[in-house]
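*Asks:* Structural data only, the sequence is not supplied:
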């Protein structure tokens, strides 16, 4: 069985006390296939409601079958207008739990009129492939599919079963993700191509790599206010709009208690000297002591506030029914990103206390799922560090906690250790996931393929 030991708070594995294992001998990557798979993937308009996800799944199946996967190894399961995809490569030791890989086939909507190019007609230009989904998440899906195809053609045999899973509605309801998590919850661990990844500087040189091992829980609440209403010429003290306004002000002023975990402590320790100044000093203090004043300093910066506490923010509001009538109802939607390990109901209870309006109603929207962070396993850290530093020996590998949610959320909730190990390295100014003119750099494809191959050979050997 794999070593399930944890890397402690000092992050020994990432600072050199646990050396990165030498990567296994790697085959020449099939760059042309990877690029073709990525561009073909973008051409499928896999937005919600378009019914294109099953078609894309069938395309991925054809790539793997051409490489030697049998029909019985691939399962495409329709769920509504979307689908799940599973490709199983059976290992030589059936006693070992399988290693899962995951990505998602769906993308967010894109309006052609807003884009410079058609978002669903992939174009290679100026060193980038443009199109919706190039960054999120079809780049790493293409790399995973190509890597498995290449290893199959090479004749390599994994000791541990490898299962590639692709969800079909990660950007919306995650029904497909939940179905996959329930079916494959007995796995050893999960590697997610939709988390982690590398940062390039303005000149394109690698700066750091983030190994994602946790993410905040996404939860929406609706707070409602009602009153009998009446004629606008006779105001009453129970005006729902005024009560809603007060509630919004209270939520805006409310601060959840500072929190830290193994991931945020390690990340801040490793980043403090790079950031420098008062902010770097605050990161170091908070990582070492949990100092509340340091947390307040960090909370002044949007890129750090999500790392030190749960956050809740009003995002939508509705009120009233006529210009000349007192409102009978008002409601505000509040989006929360909840620190790992904190329950959704606990956050809801804090919002009730913060709003302090006995007549208000609080409704949890949807079915949010909370999960704790995954432990920083020695085997995973070694494998990822070896694969990443092979790209550039000077790249620091940092643990990270995402403020948003990925497919990993549902696997972590069922006890499957999950890690974001994406192979995409990008400059900060090139990140346009969910935005206009989304793109991914072509030049990183060879290294991305080698990274995936190295990690798989280390963890499934």
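*Replies:* That came in fine, so what should we check first? Just so it is clear, the model here is predicted, and its values are computed rather than measured.
*Asks:* only C-alpha atoms for contact and neighbour calcs from this point on.
*Replies:* Fine.
*Asks:* in the stretch 51-200 of the chain, which ranges drop under the pLDDT threshold?
*Replies:* Scanning the stretch 51-200 of the chain for pLDDT under 70 picks out no residues.
*Asks:* Strands along that one, start to end?
*Replies:* 74-79, 82-89, 99-104, 123-125, 128-130, 162-167, 189-192, 197-200 (DSSP state E, counting those that start in this stretch).
*Asks:* Tell me who's in contact with the closest residue to residue 163 other than its chain neighbours.
*Replies:* With Cα to Cα, 6 or more residues apart in numbering as the measure, residue 88 is the residue that lies nearest to residue 163, at 4.4 Å, once sequence neighbours are left out. Shown in contact with residue 88 (Cα atoms under 8 Å, 6 or more residues apart in numbering): 73, 74, 161, 162, 163, 164.
*Asks:* what's the distance between the residue nearest to residue 119 when sequence neighbours are not counted and residue 175?
*Replies:* Counting by Cα to Cα, 6+ apart, the nearest residue to residue 119 once its immediate chain neighbours are dropped is residue 131, at 4.5 Å. According to Cα to Cα, to the nearest Å, residue 131 and residue 175 sit 25 Å apart.
*Asks:* next one: residue 199
*Replies:* 31 Å.
*Asks:* Name the next helix or strand downstream of whatever helix or strand residue 382 lives in, please.
*Replies:* Residue 382 belongs to helix 378-389 when assigned by DSSP states H and E. Remark: after helix 378-389, the chain's next helix or strand is strand 397-402, criterion DSSP H and E.
*Asks:* what's in contact with the following helix or strand past that following strand?
*Replies:* Using DSSP H and E, the helix or strand that follows strand 397-402 in sequence is helix 408-413. Defining contact as Cα under 8 Å, 6+ apart, one finds that helix 408-413 is touched by 177-178, 181, 185, 190, 192, 215, 217, 369-374, 417-420.
*Asks:* chain center to helix 408-413: distance?
*Replies:* Mean-position distance between helix 408-413 and its chain equals 11 Å (Cα atoms, centre = their mean, to the nearest Å).
*Asks:* quick check: mean pLDDT across that helix?
*Replies:* Mean pLDDT, helix 408-413: 95.
*Asks:* same check, this time on stretch 293-312
*Replies:* Throughout stretch 293-312, pLDDT has a mean value of 92.
*Asks:* and the most centrally placed residue in the chain, what does it touch?
*Replies:* Centroid-nearest residue in the chain: residue 406, 3.6 Å away (criterion: Cα atoms, centre = their mean). Neighbouring residues of residue 406 by Cα under 8 Å, 6+ apart: 170, 194, 195, 215.
*Asks:* make it 10 Å
*Replies:* Residues near residue 406 by Cα atoms under 10 Å, 6 or more residues apart in numbering: 103-104, 170-171, 174, 177, 192-195, 214-218, 420.
*Asks:* SS state for residue 371?
*Replies:* coil (DSSP: H, G, I helix; E, B strand; the rest coil).
*Asks:* Tell me who's in contact with it.
*Replies:* Here residue 371 is in contact with 214-217, 338-343, 408-415 (Cα under 10 Å, 6+ apart).
*Asks:* Just the buried subset of those residues, please.
*Replies:* 214-217, 338-340, 342-343, 408-413, 415 (16 or more other Cα atoms under 10 Å).
*Asks:* Just name the closest of those residues to residue 147, please.
*Replies:* Within these, the smallest distance to residue 147 is 20.7 Å, found for residue 408 (Cα to Cα).
*Asks:* Identify the farthest-apart pair in the buried ones among the contacts of residue 371.
*Replies:* Across the buried ones among the contacts of residue 371, no pair lies farther apart than 338 and 415, at 18.4 Å, counting by Cα to Cα.
*Asks:* Now for the residue nearest to residue 389 when sequence neighbours are not counted, how many residues are close by?
*Replies:* Excluding the flanking residues, the one nearest residue 389 by Cα to Cα, 6+ apart is residue 395, at 5.8 Å. As a burial measure, residue 395 scores 18 neighbours (other Cα atoms under 10 Å).
*Asks:* Do you have the helices of the stretch 151-300 of the chain handy? List them.
*Replies:* 175-183, 240-253, 262-275, 277-289, 292-298 (DSSP state H, counting those that start in this stretch).
*Asks:* Next, format the ones you listed as CSV and append mean neighbour count and distance to residue 316.
*Replies:* Converted to CSV, the helices of the stretch 151-300 of the chain look like this (neighbours: other Cα atoms under 10 Å; distance: least, Cα to Cα, whole Å):
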stretch, mean neighbour count, distance to residue 316
helix 175-183, 18, 24
helix 240-253, 18, 11
helix 262-275, 20, 30
helix 277-289, 19, 32
helix 292-298, 19, 26
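*Asks:* Cool, thanks, signing off.
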